[in-house]
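# Task: produce atomic coordinates for the following.
(one chain, ligands or ions: 2)
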Amino acid sequence: MSQRVVVEPRILDRLVEALRVRGYRVLGPTVRDGAIVYDDLESAGDLPIGWTDRQDGGSYRLERRADDARFGYAVGPHSWKRFLFPPRVRLWRASRNGDGAPAVEEEPLDETPLAFIGVRSCELHAIEIQDRVFVGGTYVDRDYAARREGAFLVAVNCHEPGDTCFCTSMGTGPEVRSGYDLALTELLDGEHRFLVEAGTDRGEEVLAELAGRAAVDADLAAKAASVEAAAGRMGRTMETFDIRDLLARNLEHPRWDDVARRCLTCGNCTLVCPTCFCSAVEDETDLSGAEAERWRVWDNCFSVDYSYIHGGSVRPSGRSRYRQWMTHKLGTWFDQFGSSGCVGCGRCITWCPVGIDITEEVAAIRATEGARAPLA
Ligand code: SF4
Ligand code: SF4
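Numbering: from 1, shown residues only. Ligands and ions are numbered 1, 2, ... in the order given. As a prediction, this is how the structure comes out:
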């Protein structure tokens, strides 16, 4: 059985240091611009100590907690995909030689090993989903593979789910079960402490450097109680039974018109989603035509150009674009990748400027299955 050790909060500094001396770029949650985002950590002092987030449809704000919890929040606008699949990556650059012939130089891979601290269970599932998309099929994305290779994952059992979270419905949380190197459980009852468990050999090695005591039954019972309490405090639920076929049977449901009247087609829901993976390429040249670059940039279902084929967009209306996003995420993703494309993190609800709620949209279609739009 893997080691289970209990450490004081100050020992998290030693964890950051142990990863840094191994050459990792250490990334984790920190407070910036009124939100908890993922960024480089110099030390554990950069964690959002004593902060929590309050979330609802179209609403997010930070508040002080009554304690010094390091992971006392749900999730922020960032997900780990911004480091594994960055919003903008140069693919190659080209320049003309003296004789005018073009020389193309492929962008070197960024092979700096990454360590993520504070990965929630829903996020581990999201990374697993993106692994299937980018490296699990016939064609491997070399940029993603280089960033993902060797990434060290320090997971955290969620003890503060947000009002827009529904990972329990999706079977993706709140308890961390696999896919991590180290798993932390922040225990706030009585003495503030962390239960640390290793999931891999390299996790065991790092754990051996953290000064702590062996976990006892009371620590394990406190972990179980914390996870159970979190599971009982999810802000949202989604009924997933038959969901793929439910959506496939209701492609002409009037609810798509209803949501289209509210949707701004801004694409925020896809940008914050930890599993959305669509991208486009952009070419740039200088005015003389001597230098050119090709960039890969995030794109999404809500951009008209993304479905532009032979002189027009396949999805010209907001109705068709929202329907594409939701039916892919919750339905045809199963056909393509063998799982749902949603892990129930709730970001698309919180960061939708008009508060469109994917759980509410599914429930509305389920409650009125087979409805038809009234004849004009
Ligand atoms: S669809 Fe929404 S709730 Fe589901 S994983 Fe994406 S952002 Fe999270
Ligand atoms: S559902 Fe909300 S976040 Fe998504 S495109 Fe529409 S308005 Fe933007």
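# now the strands: where do they sit in the stretch 251-376 of the chain?
Using DSSP state E, counting those that start in this stretch, the strands found in the stretch 251-376 of the chain span residues 279-285, 291-298, 308-309, 312-313.
# Please read the previous query as pertaining to the stretch 51-200 of the chain.
Along the stretch 51-200 of the chain, the stretches classed as strands by DSSP E, counting those that start in this stretch are 51-56, 59-64, 88-96, 102-106, 114-119, 152-156, 182-187, 193-198.
# So which residue is dead centre in the chain?
Taking C-alpha atoms, centre = their mean, the centroid of the chain lies closest to residue 274, which sits 2.8 Å from it.
# pLDDT-wise, which helix or strand of this structure ranks last?
Least confident helix or strand, the chain: strand 308-309 with a mean of 89, by mean pLDDT, DSSP states H and E.
# Direction included, what does that one pair against?
Strand 308-309 pairs in its sheet with strand 312-313 (antiparallel), by DSSP bridges.
# any idea how far residue 321 is from residue 277?
Relative to residue 321, residue 277 is positioned 17 Å away (C-beta to C-beta, to the nearest Å). No exception for glycine: its C-beta is placed from N, CA and C like everyone else's.
# Let me have the strands of the stretch 51-200 of the chain in CSV, extended by mean neighbour count and mean pLDDT.
Compiled in CSV, the strands of the stretch 51-200 of the chain are given as follows (neighbours: other C-beta atoms under 10 Å; pLDDT from 0 to 100):
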stretch, mean neighbour count, mean pLDDT
strand 51-56, 19, 98
strand 59-64, 13, 98
strand 88-96, 14, 96
strand 102-106, 10, 93
strand 114-119, 25, 98
strand 152-156, 24, 98
strand 182-187, 24, 98
strand 193-198, 22, 98
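# Among those, which comes closest to residue 330?
strand 51-56 (20.8 Å; C-beta to C-beta).
# Can you check what pLDDT the model gives whatever residue of the stretch 51-200 of the chain ends up closest to ligand 1?
At 6.4 Å from ligand 1, residue 126 is the closest residue in the stretch 51-200 of the chain, using C-beta to the nearest ligand atom. Listed pLDDT for residue 126 reads 98.
# Burial check on it, number of neighbours?
Residue 126 has 26 neighbouring residues, counting by other C-beta atoms under 10 Å.
# so who does it touch?
Contacts for residue 126 (C-beta atoms under 8 Å, 6 or more residues apart in numbering) come out as 79, 80, 81, 274, 275, 343, 345.
# Near the fifth one, how many other residues are there?
Spelled out, that is residue 275. Applying other C-beta under 10 Å, I find that residue 275 has 25 neighbouring residues.
# returning to what we had before: more neighbours, residue 277 and residue 321?
For residue 277 versus residue 321, neighbours defined as other C-beta under 10 Å are more numerous around residue 321 (24 against 18).
# Distance of the more buried one relative to residue 262?
Counting by C-beta to C-beta - residue 321 and residue 262 are separated by 13 Å.
# cool, and residue 126?
26 Å.
# Over to residue 36?
Noted for residue 36: a distance of 27 Å to residue 262, by C-beta to C-beta.
# Between these two, point out the one with more neighbours.
Comparing residue 36 with residue 262 by other C-beta under 10 Å, the one with more neighbours is residue 36, at 24 against 12.
# what's the spacing between the more buried one and residue 345?
Remark: distance between residue 36 and residue 345 (C-beta to C-beta) = 13 Å.
# interface residues of the stretch 251-376 of the chain facing ligand 1?
By C-beta under 6 Å from any ligand atom, the residues of the stretch 251-376 of the chain that approach ligand 1 are 272-275, 329, 342-348, 358.
# No further questions, thank you.
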